[in-house]
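Enquirer: the following block contains a protein sequence and its predicted model.
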Amino acid sequence: MGWPLRVEAPGAIYHVTSRAIEPMFVNDADRERFLALLARQVRDHGWICHAYCLMSNHVHLLLETPEPTLATGMRTLLSRYARGFNRRQGRRGPLVERRYHALLIEKESHLLEVSRYVVLNPVRAGLCADPSEWLWSSYRATVGLHRVPRFLATQWLLDQFGGSVELYRGFVADGAPSASLDGLLAAA
């Protein structure tokens with residue numbers, strides 16, 4: 001039985017997750033390499049990255065694709081990262097459990113809530129008490145605690161709060177996803 005077909009369309013937005021067989025990042029240099037590879041795919045494909053979070057054994061990406069290039073870009077991103085990781089760690093074989101998962105979401109109804117879900121991932125996992133403590137997500141850049149990397153687009157999120165970082169912080173701190181988002185993510 002083959003893999004289900006990917007749904008790709010111009011202007012689509014995806015919550016992308018990829019889970020590793022074992023830890024995906026051994027150190028901060030690995031995380032920096034992954035983000036550099038992500039930046040290249042964002043540039044090469046014209047993607048808009050609204051949010052990201054790197055955990056020890058998986059990643060969350062919130063990507064908007066002006067052209068239907070998600071499969072090509074994700075394949076390149078994950079395979080290049082795995083090859084380099086395997087070479088540095090002296091290991092062989094696949095790094096990720098299976099294909100990445102991409103949940104198609106609607107900008108107006110779910111982008112804000114999914115972005116909050118993404119940046120709260122380390123808090124829910126008990127790795128930190130506040131998303132500003134986690135160095136490997138887009139939250140710190142979005143709220144002005146770190147420079148915004150070229151590949152990260154924070155404007156749309158902040159525009160939903162009249163450009164107010166404080167209102168965005170409050171939205172994330174509230175942290176209670178709606179019932180519609182719970183159903184959407186549970187179906188994934």
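Expert: Arrived safely, thanks for sending. Here the structure is a predicted model, which means the values were calculated and not measured.
Enquirer: just the strands in the chain please.
Expert: 12-19, 48-54, 58-65, 101-105 (DSSP state E).
Enquirer: ok, the closest residue to S137 other than its chain neighbours to V123 distance?
Expert: Leaving aside its sequence neighbours, S137 sits nearest to C53 (Cβ to Cβ, 6 or more residues apart in numbering; 3.9 Å). Backbone N, C-alpha and C define where each C-beta goes, glycine included. As judged by Cβ to Cβ, to the nearest Å, C53 and V123 stand 10 Å apart.
Enquirer: those two: which has the busier surroundings?
Expert: C53 (24 against 19; other Cβ atoms under 10 Å).
Enquirer: surely S138 meets A51?
Expert: Yes - at 4.6 Å, S138 and A51 qualify as touching, with contact defined as Cβ atoms under 8 Å.
Enquirer: the more surrounded of those two?
Expert: Set S138 next to A51 and count neighbours by other Cβ under 10 Å: S138 wins out with 28 against 25.
Enquirer: residues contacting the more buried one?
Expert: For S138, the contact set (Cβ atoms under 8 Å, 6 or more residues apart in numbering) comprises 49-53, 118-119, 152, 154.
Enquirer: which helix of this structure spans the most residues?
Expert: The longest helix of the chain (DSSP state H) is helix 70-89.
Enquirer: list the buried residues in that helix.
Expert: In terms of neighbour count (16 or more other Cβ atoms under 10 Å), helix 70-89 has its buried residues at 70, 73-74, 76-78, 81-82, 85.
Enquirer: run through the neighbouring helices and strands of it.
Expert: Helices and strands touching helix 70-89, as assessed by 3 or more Cβ pairs under 8 Å, 6 or more residues apart in numbering; DSSP states H and E, comprise strand 12-19, helix 28-45.
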